[in-house]
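**Q** coords below, sequence missing:
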């Protein structure tokens, strides 16, 4: 019997060994654990050649398109940049009986740190900055870039980094500077930067950009920042910095040696068929309608793709509202003010190009097969009897400019026009004690194009300020002029609060920064 | 070979016994009894033989042979073995007694499934709650998780919506992590990966319950592994507990046919009270809108138009049977459920086939197979939360106006909505939910299968490989033909087709060994399991369709796809030890490695140990007294959680879905960039749990009690950390942060007795949970909210994700009071009738620093009760359940009390919606009210009365009559004689689900999970917001069960 027992045990051991082998055989090797994502590529395989770096830099540009965008993954924005730069001004009124609560708050100068627009724009700005820093930090990695490629990409990334920091500075006053990719989870927040630090960094970046960027790109790269754009921004930033000497130097160079000229016809400057024209210093590019065209979300692919190519939601918010009878199924929340109309001089061709009024022939687009609708403009469609026409009108009435749901425009946003530069040049000359004749000539050029023959206001500063308001109507600059020119208390005698010279930092960012970021006073 | 060995052994043993007994007889007045102990499968080694009333005992050897020396005065031998009925045999002078042991039916019925095996309930050392089929059958439920409502201590369920097929939150012992708290479901050995991938729409309101493809009627038992020691064998996925579902299998005997079916009607219990036409016109007038042109209009009850009685029918037919070599269970079922709101519906076809087959003496094979199709009709984007949104329609907006372009439905047009000044809010939700205007369907075709083999390598040694497959092919679509809602703009003219597929493949092999050495019983298990998950989706969207059935024929077509994958590999081991059924011990270990984490952070080891002492088995214990059975248990163990929302949180990956336009041709160019912070050191979350428990049976086993104390600590909590936007990332970063503790007690009892023909039972359970965040590392606080909002906070010392906002303190009654208001960053100036917000930190001003704890969406306790009674064929049962000490943010009420409009309102103006009648009690002058709920009416909300505050935080506790049922079973003798022995059993019953709910909550249902948003899935850090989802319906049911 012991023999039997032993035999038994031996047999069991054998079985155990066999079993372990079988088990082991079924076990797959640990390669199964070395997986890579299917729907994304990794940084390890990217940033190798020029086209990949170009893609990476375009990602930074695409963050600007988000200013007007609707995104499922961010904060459910509805044209937030317009709210903070245009609705808030004396140029635009918000339908009391129509618009969303935040539009109304902004229009009434009820600015609260927890409001969505401040967070929305903030995230988009810093997303753009991150994307520039990623490019900058990868330039010296292992890649096939030539020295020239590196110079250009470095310059382009710094142009955009400066662009974004400048937006942040204009809005938040003392926003943090991010000059590197943050990699430590416990150290992602930066404190407020001083205005001196911000201006120094922005101008340094723009200086590198001006030195490294080409003066022009080939047709395949139209839309990318140029050396002239960088120089133009150096001038503009210096106006904000009130360093008028530096501004004058930069502007003089651009005006004298640069490639820009005013488009002969004002409305033509905003025509769908005239993108990236001679007057454009920097434009935000929109393609479409090849991609998804969602303004109101139907998309479920977590996609950023439509953000870039969906265009701006301009028709959706600015066209006359369908609820009050206008054709085209639009919201019509926001409308020009009579106060603005009253500033236009008689005979100013820009009024007709910018605003629909009674007596005009209105153009709308209906969804799908309804197509273009031409009807006499009815002032009852708008709370002010006026409707926004800039970027609209016959020069933009092309089916290709709109997606089938008619919620967006694919026309580029003319972010920085030569006309603005000329007026900034005039401002720098006037305030900086420069050549008054050159200053007046800049203003006169603008007036000539507008068809104005009467003499301008004898005070060049007054003339420039008036001219800028009508020339730049509904372009996102007026609010910053109101702040810089200290017009707040005059324009908004009851609602103005000195704290409005800067916007509040998003409350969420104050919270997320763990006390590192300090809120602007009063918010 | 084995037979030969057995024989040899037998002969040798007999010879030995013979020798031994001869020697023994010469010394004492003794005799020897020998014999073989066997069961129906053959010799039973390890069974014990004891002379009754003595400690004299032996156990049978490997071949079932025993030999015991007995005193001459010994009369009775007691034969016992775990799982078998104990037998007492009178010796009667015999020297050879062979015994056939019979499996103890009761002991077997109390087996619980513990993961890769079963265990006798009496031997259990962990905390496991079980639900049998009797609690599942005949209930009007859609998915197996609903069974757990009130029936198992430690388990709380919350349904996201009353919409059939909506997701259900199952929480075992609190909220242990910031991410998904869903337990792991293991169905017939296949671990289920629960996702929200099978959908067509971004909105969280269209998410479906991934378990809805499983027919609850096919389930034999659900076992909930609550403590770490029980769940530890599932390692990296067990931190939230494990729920094991075992489906029915055939039993020995002739084929049995069973039919179970019901018809039911569902309806909503409560509606929202809204203003009538004149009240609406009056209030809007004060808001600056003039709707006097509608003053003669009739009140249109929009809720009545959108809510409906939902009919449902369910049929289950099963055939089962078997013999000692094979068994089978086959069932087919059909469920068709209409929702209580328009455009809600759920339909399921399911086929289940289970079998086990023995081949020879050592091989056994079996399979479980489910094939099902669910077809869910949900409300689309423009009609989300139709029932709630209907209550916001202007009360004069008609449902029908004979419109040509909208099938007679009223257009959302100026004629129907425009006042003299102002446009009223009117969404024609009856039209918008009409399938001719928009139809959203989500289909899921599912194959859930497990195939196993089992080889008995030697007595007690079993090798069991298995393959499990969970395949879901989704097909979801949105069809929005070109139908005009407002008379001048044609509709969407859109067709979106989405094809998500998910495949989970689980391969496992286990080696088990059971052995009894005398009083020692040991069982060992070792194994390996691999789970591979793969997801793919293709999405096609077309507009302007030439062929209305194919999106690809659109004039504009967009396509997109998504994909995901991960792998988990685990080694597992378990030791069970049992001494005389008195001292019990189990130890588990599992080592898991997951592709979700970087090499070096990939592997986790999860040990556990548990022990029990059945005091009632001790000699000193008189089990015939008041206490018949008494066991104390203690366990400790660790589990893991690998559930990051992104499958590659450690990897710096670039989103390839970003584009920019460059060049004269304005072509879009791919512009990859990272959109998540990659945390290279992210790893497991570990949950450590201690459990101390007691089980007792009293009073002739009529009363059973279970008590547990648990203490669960989650370390390195996997958290979606909201990062500073300055970093460039909007999405939260996956990180291991801090510690969360959940502790509490569970108590449950069951009492059953019989008085003559009347038998009855009462059971109850109560669970308390104390949820505390005990550490957040260097992070002072986490403020979170859906879609980047700030509504919830997580901070050390309080419960995770509690409501966070301003506290109110009544109203300023006079202008003088308002003038002395503290400076308030949120207010543009307070007036009489505005809310006084509390300066919590006492710094003399009200600002963001004054936001504070407003309540917790995590209940502190919950309970269930069940009653059963039977009398001469009649049966009655009731289940009650309740949740206590919990708060809800009533966002829906906010929407109908906000004068500014709480959110973006489609088609109509913010604030031009209809209002709750509660606004009629608003402040109108000094002393009219001092309730923060009802401030003055103000255009534009200058004081910020509508900021996130306790104004809309409400007590959410409730008690619900979950199910009540009355049935009658025709006496079987009569039935057989009437039907010539064809029909064995007929039971008819009437039942009601969710008959009544007792609560002070003012919304339509206190069962609330998350608000709607475009981010899918569970949202632990911002839960408890009632956005206006469908309330849980009351379902009245008439059913019939038959068996042949």
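**A** Thanks, I have the structure now. Here the structure is a predicted model, which is why all the values come from computation and not from measurement.
**Q** residue nearest the middle of chain B, spatially speaking?
**A** Centroid-nearest residue in chain B, with Cα atoms, centre = their mean: residue B:170, separated by 3.2 Å.
**Q** confirm that one sits in a helix?
**A** No. Using DSSP: H, G, I helix; E, B strand; the rest coil, the assignment for residue B:170 is strand, not a helix.
**Q** what helix or strand is the residue lying closest to residue B:380 once chain neighbours are set aside on?
**A** Nearest non-adjacent residue to residue B:380, counting by Cβ to Cβ, 6 or more residues apart in numbering or on different chains: residue B:440, 4.2 Å away. C-beta here means a position set from N, CA and C on the backbone, and glycine is covered the same way. Element membership for residue B:440 (DSSP states H and E) is strand B:439-458.
**Q** give me the mean pLDDT for that strand.
**A** Mean pLDDT, strand B:439-458: 92.
**Q** what lines up beside the very next helix or strand once past that strand in the sheet?
**A** Where DSSP H and E defines the elements, the next helix or strand beyond strand B:439-458 is strand B:461-480. Under the criterion DSSP bridges, strand B:461-480 sits next to strand B:439-458 (antiparallel), strand B:494-517 (antiparallel) in its sheet.
**Q** adding mean neighbour count, write the ones you listed out as JSON lines.
**A** Formatted as JSON lines, those follow (neighbours: other Cβ atoms under 10 Å in any protein chain shown):
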{"stretch": "strand B:439-458", "mean neighbour count": "19"}
{"stretch": "strand B:494-517", "mean neighbour count": "20"}
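**Q** closest to residue B:35 out of the ones you listed?
**A** strand B:494-517 (17.4 Å; Cβ to Cβ).
**Q** off-centre distance for that closest one?
**A** In terms of Cα atoms, centre = their mean, to the nearest Å, the centre of strand B:494-517 is found 19 Å from the chain centre.
**Q** cool, stretch B:1021-1036 as well?
**A** How far stretch B:1021-1036 lies from its chain's middle: 15 Å, per Cα atoms, centre = their mean.
**Q** ok, which stretches of the stretch 251-400 of chain A are helices?
**A** Along the stretch 251-400 of chain A, the segments classed as helices by DSSP state H, counting those that start in this stretch run A:305-309, A:314-318, A:338-341, A:349-354.
**Q** same thing with the stretch 101-250 of chain A?
**A** So, for the stretch 101-250 of chain A - with DSSP H, counting those that start in this stretch - the helices run A:101-107, A:116-138, A:147-172, A:195-212, A:227-241, A:244-257.
**Q** go ahead and confirm residue B:606 touches residue B:235.
**A** Yes. Using Cβ atoms under 8 Å, residue B:606 makes contact with residue B:235 at a distance of 4.6 Å.
**Q** can you check which residues contact both of those two?
**A** Common contacts of residue B:606 and residue B:235 (Cβ atoms under 8 Å, 6 or more residues apart in numbering or on different chains): B:590-592, B:639-640.
**Q** which residues touch the residue in chain B positioned nearest to chain A?
**A** Per Cβ to the nearest Cβ, residue B:728 is where chain B lies closest to chain A, at 2.4 Å. Counting by Cβ under 8 Å, 6+ apart, residue B:728 touches A:126-131, A:133, A:178, A:181.
**Q** ok, so of those residues, who is nearest residue A:282?
**A** Looking across the contacts of residue B:728 and measuring by Cβ to Cβ, the closest to residue A:282 is residue A:128, at 13.6 Å.
**Q** nearest residue to the closest one in space, please, no chain neighbours.
**A** Per Cβ to Cβ, 6+ apart, closest to residue A:128 is residue A:63, 3.3 Å.
**Q** show the contacting residues for that neighbour.
**A** A:124-125, A:127-128, A:131, A:164.
**Q** just give the nearest non-adjacent residue to the residue of chain A found nearest chain B, would you?
**A** When scored by Cβ to the nearest Cβ, chain A has residue A:130 as its residue closest to chain B, at 2.4 Å. Excluding the flanking residues, the one nearest residue A:130 by Cβ to Cβ, 6+ apart is residue B:728, at 2.4 Å.
**Q** pLDDT value on the residue lying closest to residue A:181 once chain neighbours are set aside, please?
**A** Ranked by Cβ to Cβ, 6+ apart and with sequence neighbours excluded, the top spatial neighbour of residue A:181 is residue A:133, at 4.8 Å. In this model, residue A:133 is scored at 97, pLDDT.
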